[in-house]
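>>> fold the stuff below for me.
(one chain, ligands or ions: 1)
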Amino acid sequence: MHAEDAPLATIAETHGTPCYVYSKKALTETFQRFETGLQNVDHLICFAVKANPNLGVLSVFAKLGAGFDIVSGGELARVIAAGGDPKKVVFSGVGKTAEEMRDALIAGIFCFNVESQSELVRLNQVAGEMGKVAPVSLRVNPNVDAKTHPYISTGLKNNKFGVAFEDAVAVYQQAAAMDNIDIHGVDCHIGSQITEVSPFIDALDRILSLVDQLEAENITVSHIDVGGGIGITYDDETPPAFDAYTQAILEKLNQKKVKLLFEPGRALVGNAGVLLTKVEYLKPTDSKNFAIVDAAMNDLMRPALYDAYHNIVAATPRIGETTNYEIVGPICETGDFLGHDRALNLAEGDLLVIESAGAYAMSMASNYNSRAKAAEIIVDGAQVHVVREREKISDLFTTEKRLP
Ligand SMILES: *Cc1c(COP(=O)(O)O)cnc(C)c1O
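Numbering: from 1, shown residues only. Got it, this is the predicted structure:
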């Protein structure tokens, strides 16, 4: 198996495992495919940084002219370090601190996606102290069911995100009366790994009715941010194609004169990366056959956290009979699995490729069990760029101290 023109086995030999490998071509083409249906529309695609915040990945999108959706001051710093344009940044998240607000105002971001009335009050105060005016969009909770995993559903009434639809007009009126707040847009984001168009359209329907209500109150918005959330194929899901999704949104918008913002994360990177891991041990037991690999839930948390499925294949498949394996890591948790019941023909030392590992994979990695974080690589043709060195064990506790 190759990433572009680079054999994965060579990458594993040279750089070790576990190791994330992304394709620059896949990142580029996916972004361009998203833009295809939007050529005649005023728009900004803001890559949701939390899906994959590696500077190498961000720099690819920055060069393509992308904007960025951030949820922390740390992500803003990454965008700037990667060469991204702060003027194309939208700042989401329910818990922005005053310090994060200040940093974003200094950087001159495009818009704050404000998620509560209290946040609006604080932002007005922080901007006032700096003699600035904060560009604002309210994240409205349209109360639609994204029909996805409950942990990644964000647009329902009982979620912590956004301002309740019923309260939105009143909060906009408050915002309009504030000296250091400038209303720019309306925003929503209903969840992640959504595989149908209808929840997006239901949400936009509600947003458009809100825009009408606001216009009746003499409050105009210059952009609508429809959020992210388009799913990808991990197994047998059939998410909408980008052009079908953007087309449905444009139709619903019906030539309304607003700038259109998107915040895709997973859909731009999920299938542009894999995780390479080596089989350390095969362990047959009475009930199950375990393949113990050198990647674990600290490297890829999605199976443990969401019971998520990732396809797993051998880099060099062996011919002959397969056995059903539990693909597990070395961590001391029964939840430390990467795949259940996978029919593979394996020997110790084999290289496995865990697919669809470009999104919410390395970005959720931890040091649990004092495991150093994996290396990350971007392949460009035959060129192999290490965009994150493998962490050293000694890095793990440099900020810690023994008691005297
Ligand atoms: C996580 C997130 C996104 C990206 O979601 P995907 O499902 O990866 O497209 C976009 N906007 C906000 C506010 C988010 O929190």
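>>> ok, the residue lying closest to M362 once chain neighbours are set aside - contacts?
Nearest residue to M362, sequence neighbours excluded (C-beta to C-beta, 6 or more residues apart in numbering): Y20, at 5.0 Å. Placement of C-beta: from N, CA and C, glycine included. Counting by C-beta atoms under 8 Å, 6 or more residues apart in numbering, Y20 touches 273-276, 357-358, 361-362, 374-377.
>>> who does Y20 bridge with?
L275, E376 (DSSP bridges).
>>> how near is it to the ligand?
The gap separating Y20 from the ligand is 17 Å, by C-beta to the nearest ligand atom, to the nearest Å.
>>> repeat for R302
Taking C-beta to the nearest ligand atom, one finds R302 at 12 Å from the ligand.
>>> near the ligand, which residues of this structure are found?
Selection of the chain residues close to the ligand by C-beta under 6 Å from any ligand atom yields 48, 50-51, 69, 71, 92, 189, 192, 227-229, 263-267.
>>> of those residues, which belong to strands?
Counting by DSSP state E, the residues of the chain next to the ligand place 48, 69 in strands.
>>> buried ones only from the residues of the chain next to the ligand, please, as a ChimeraX command.
In ChimeraX, this line selects whichever of the residues of the chain next to the ligand come out buried by 16 or more other C-beta atoms under 10 Å:
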select :48,50,51,69,71,92,189,192,227,228,229,263,264,265,266,267
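>>> what is the least confident helix or strand in the protein?
Using mean pLDDT, DSSP states H and E, the weakest-scoring helix or strand in the chain turns out to be strand 163-164, at a mean of 94.
>>> quick check: next helix or strand after it?
Next along the chain after strand 163-164, taking DSSP states H and E as the criterion, comes helix 168-176.
>>> give the buried residues for that following helix.
168-169, 171-172, 175.
>>> so which of these comes closest to the ligand?
A168 (16.3 Å; C-beta to the nearest ligand atom).
>>> and that closest one, how far is that from A216?
Counting by C-beta to C-beta, to the nearest Å, the gap from A168 to A216 is 13 Å.
>>> count the neighbours of the closest residue to T323 other than its chain neighbours for me.
Among residues not flanking T323 along the chain, N289 sits closest, at 5.4 Å (C-beta to C-beta, 6+ apart). N289 has 16 neighbours, counted by other C-beta atoms under 10 Å.
>>> same check on T285?
T285, neighbours per other C-beta under 10 Å, totals 8.
>>> so where do the helices sit in the stretch 151-300 of the chain?
In the stretch 151-300 of the chain, the segments counted as helices under DSSP state H, counting those that start in this stretch are 168-176, 198-216, 242-253, 266-269.
>>> and the longest one, what does it pack onto?
Using 3 or more C-beta pairs under 8 Å, 6 or more residues apart in numbering; DSSP states H and E as the contact criterion, the elements in contact with helix 198-216 are strand 134-141, helix 168-176, strand 181-187, strand 223-225, helix 242-253.
>>> for V353, list each beta-bridge partner.
Using DSSP bridges, the beta-bridge partners of V353 come out as L276, V313.
>>> burial count for it?
There are 22 residues near V353, going by other C-beta under 10 Å.
>>> ok, now I393?
Neighbours around I393, by other C-beta under 10 Å: 10.
>>> what ranges of the stretch 101-250 of the chain fall below the confidence cut-off?
Applying pLDDT under 70 to the stretch 101-250 of the chain picks out residues 151-152, 155.
>>> just checking, N180 touches P135?
No: taking contacts as C-beta atoms under 8 Å, N180 lies outside contact range of P135: 10.8 Å.
>>> so these two - more neighbours on which side?
A direct count of neighbours by other C-beta under 10 Å for N180 and P135 places P135 higher, at 22 against 18.
>>> how close does the more buried one sit to I207?
P135 is 18 Å from I207, by C-beta to C-beta.
>>> again, but for T246
Separation of T246 from I207 (C-beta to C-beta): 16 Å.
>>> between the two, who's got more neighbours?
The neighbour comparison of T246 against I207 (other C-beta under 10 Å) goes to I207, with 25 against 22.
>>> you'd agree that one is up against V140?
Yes: look at I207 against V140 with C-beta under 8 Å: they come within range, at 6.5 Å.
>>> quick one, what contacts the closest residue to the ligand within the stretch 251-400 of the chain?
The ligand sits closest to G265 of the stretch 251-400 of the chain, with a gap of 2.6 Å, by C-beta to the nearest ligand atom. Contact analysis of G265 by C-beta under 8 Å, 6+ apart lists 47-52, 69, 192, 228, 359-360.
>>> likewise for H184?
By C-beta under 8 Å, 6+ apart, the residues touching H184 are 111, 135-137, 221-223.
>>> ChimeraX command to pick out the buried ones of those residues?
Selection of the buried residues among the contacts of H184 in ChimeraX, burial being defined by 16+ other C-beta under 10 Å:
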select :111,135,136,137,221,223
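>>> separation between the closest residue to S356 other than its chain neighbours and Y306?
In this structure, S356 finds its nearest non-sequential neighbour in Y234, 4.9 Å apart by C-beta to C-beta, 6+ apart. As for Y234, its distance to Y306 is 11 Å (criterion: C-beta to C-beta).
>>> tell me which of these two has more neighbours.
Y234 (19 against 16).
>>> surely L123 touches E115?
No: between L123 and E115 there is no contact, the gap being 10.7 Å when judged by C-beta under 8 Å.
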